[in-house]
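In: pasting the structure only:
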């Protein structure tokens, strides 16, 4: 059997798009720290001091909430140009601020894989509120398209006897092409944007013979060869 290359990975568990609480920091701290620092890059999430410690630049994001006494760990709230996001640093990891840097520390090498996942999740959350995340999808098939019925309701025609409706999350945006056959999903939360892309694709998965359905743009679908006529 052919392996489909458009299957998405499992979302990470440390980023939360829940409503943000009021800032628990004093007013002088709720400002950008060191705004002249280099912006966060897509390939290098931060500097690595050792195998048990990792440094991540905070600018141009703003830390507006800090809850060190949370039952599950340390709760952080970040705000940027494209929105806000909450992040949880679970026990037994520790987190502190030092001159515009977020310093994550692991208790030992036995949690190295979990620590690296935590660092990647924090980088994704900061990248989302500064540059944003995007999923690009398209519909393949005659008459397959999507359109916005209301401000937060998407109507899709996918070859069924009835249209399919999908409510959009308030923290997301959708942009349709001129023919409504291609659409881009934008959000500051990586888990939310990945879940929305998976939900839209689940309405009509690509056919392995003709390729009809909803698929991710840029992903190659391996199609099966049909029966040959004798």
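Out: That came in fine, so what should we check first? Predicted model, so just to flag it, every value in this text is computed and none were measured.
In: Pop the domain breakdown of this structure in here.
Out: Structural domains assigned to the chain are 15-130, 133-216, following automatic domain parsing.
In: For residue 228, find the nearest of the ones you listed.
Out: Relative to residue 228, the nearest member of these by C-beta to C-beta is domain 133-216, separated by 12.9 Å. From N, CA and C alone the C-beta is placed, and that goes for glycine too.
In: Could you check how far the closest one is from the centre of its chain?
Out: Going by C-alpha atoms, centre = their mean, to the nearest Å, the spacing between the C-alpha centre of domain 133-216 and its chain's C-alpha centre is 16 Å.
In: Pull up the distance across that domain, start to finish.
Out: Counting by C-alpha to C-alpha, to the nearest Å, the length from the leading to the trailing residue of domain 133-216 is 14 Å.
In: Over to stretch 151-159?
Out: Between the opening and closing residues of stretch 151-159 lies a distance of 24 Å (C-alpha to C-alpha).
In: tell me the mean pLDDT for it?
Out: Per-residue pLDDT over stretch 151-159 has a mean of 88.
In: Now that stretch: buried residues?
Out: Of the residues in stretch 151-159, those buried by neighbour count under the rule 16 or more other C-beta atoms under 10 Å are 154, 156, 157, 158.
In: ok, and the helix or strand in this protein with the lowest average confidence?
Out: Evaluated with mean pLDDT, DSSP states H and E, the helix-and-strand set of the chain has its lowest mean pLDDT in strand 47-50, which scores a mean of 50.
In: and after that one, which helix or strand comes next?
Out: strand 53-57 (DSSP states H and E).
In: List the buried residues for the lengthiest helix in the chain?
Out: Among all segments of the chain classified by DSSP state H, the helix with the greatest residue count is helix 112-130. Of the residues in helix 112-130, those scored as buried under the neighbour-count criterion (16+ other C-beta under 10 Å) are 115, 118-119, 121-130.
In: Low-confidence ranges, this protein, go.
Out: Along the chain, the parts satisfying pLDDT under 70 run over 1-51, 57-61, 230.
In: Please, where are all the helices along the protein?
Out: Counting by DSSP H, residue ranges of the helices within the chain are 112-130, 190-203.
In: what's across from the residue nearest to residue 94 when sequence neighbours are not counted in the sheet?
Out: With C-beta to C-beta, 6 or more residues apart in numbering as the criterion, residue 94 has its nearest non-adjacent residue at 4.6 Å, and that residue is residue 105. In this structure, residue 105 has the following beta-bridge partners (DSSP bridges): residue 53, residue 94.
In: most centrally placed residue in the chain?
Out: Geometric centre of the chain, nearest residue: residue 190, 0.8 Å, by C-alpha atoms, centre = their mean.
In: Was I right to think residue 56 contacts residue 122?
Out: Yes: contact status for residue 56 versus residue 122: in contact at 6.2 Å, counting by C-beta atoms under 8 Å.
In: still on that earlier bit, next one: the residue nearest to residue 94 from residue 52, what distance?
Out: Shown here: residue 105 relative to residue 52, a distance of 6 Å by C-beta to C-beta, to the nearest Å.
In: Straight-line length of stretch 79-88, end to end?
Out: For stretch 79-88, the separation between the terminal residues is 15 Å (C-alpha to C-alpha).
In: what's the distance between that stretch and the middle of its chain?
Out: 12 Å.
In: got the buried residues for that stretch?
Out: Buried, per 16+ other C-beta under 10 Å, within stretch 79-88: 79, 80, 82, 83, 84, 85, 86, 87, 88.
In: for stretch 154-174, same thing?
Out: Going by neighbour count (16+ other C-beta under 10 Å), the buried part of stretch 154-174 is 154, 156, 157, 158, 168, 171, 172, 174.
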